[in-house]
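Trainee: dropping the sequence and predicted coords here.
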Amino acid sequence: MNFEEFKQLVKEIRGTITCRECDSKFEDRDISLIGTILKEGYLQAKCPKCKHNTIINVFFGPANRKHRKILKKKPRIITPNDILDMQNFLRSFDGDFIKLFNKKS
Ligand SMILES: [Zn+2]
């Protein structure tokens, strides 16, 4: 992701997400990138009013000239339950990725 694409991503997030606590809009400076993995990214938005931190999970689509939208689907806010689910998963995960990816559920 280059700087132009990142700016576009921040713009799209500002247009779709508000603070969960007080419904305030985010400014560019409130949004920071935590990291990206393949076609997914994690961003943090700090509310300028109540200082609540929101973690946002985004899925990137193709970033070509004709389609200016970078987001493939609506950004998803990570909830405390998502974090608990991940903690529970990691607590029982033995590190065997082959078994994990072959698991039929
Ligand atoms: Zn707020």
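Mentor: Thanks, I have the structure now.
Trainee: not counting sequence-adjacent ones, nearest residue to N57?
Mentor: Nearest residue to N57, sequence neighbours excluded (C-beta to C-beta, 6 or more residues apart in numbering): R76, at 4.6 Å. (C-beta placed from N, C-alpha, C; glycine too.)
Trainee: what's near enough to touch that neighbour?
Mentor: I56, N57, V58 (C-beta atoms under 8 Å, 6 or more residues apart in numbering).
Trainee: now with 10 Å?
Mentor: By C-beta atoms under 10 Å, 6 or more residues apart in numbering, R76 lies in contact with I17, I55, I56, N57, V58, F59, D82.
Trainee: distance of it from C22?
Mentor: R76 sits at a distance of 20 Å from C22 (criterion: C-beta to C-beta, to the nearest Å).
Trainee: what residue ranges in this protein score low on pLDDT?
Mentor: Counting by pLDDT under 70, the chain has low-confidence residues at 62-68, 105.
Trainee: show me which residues of it sit near the ion.
Mentor: By C-beta under 5 Å from the ion, the part of the chain that sits against the ion consists of C19, E21, C22, S24, C47, K49, C50, H52.
Trainee: ok, of these, which come out buried?
Mentor: Those of those that meet the buried threshold are C19, C47, by 16 or more other C-beta atoms under 10 Å.
Trainee: which of the residues of the chain next to the ion fall in helices?
Mentor: Assignment to helices by DSSP state H places none of those there.
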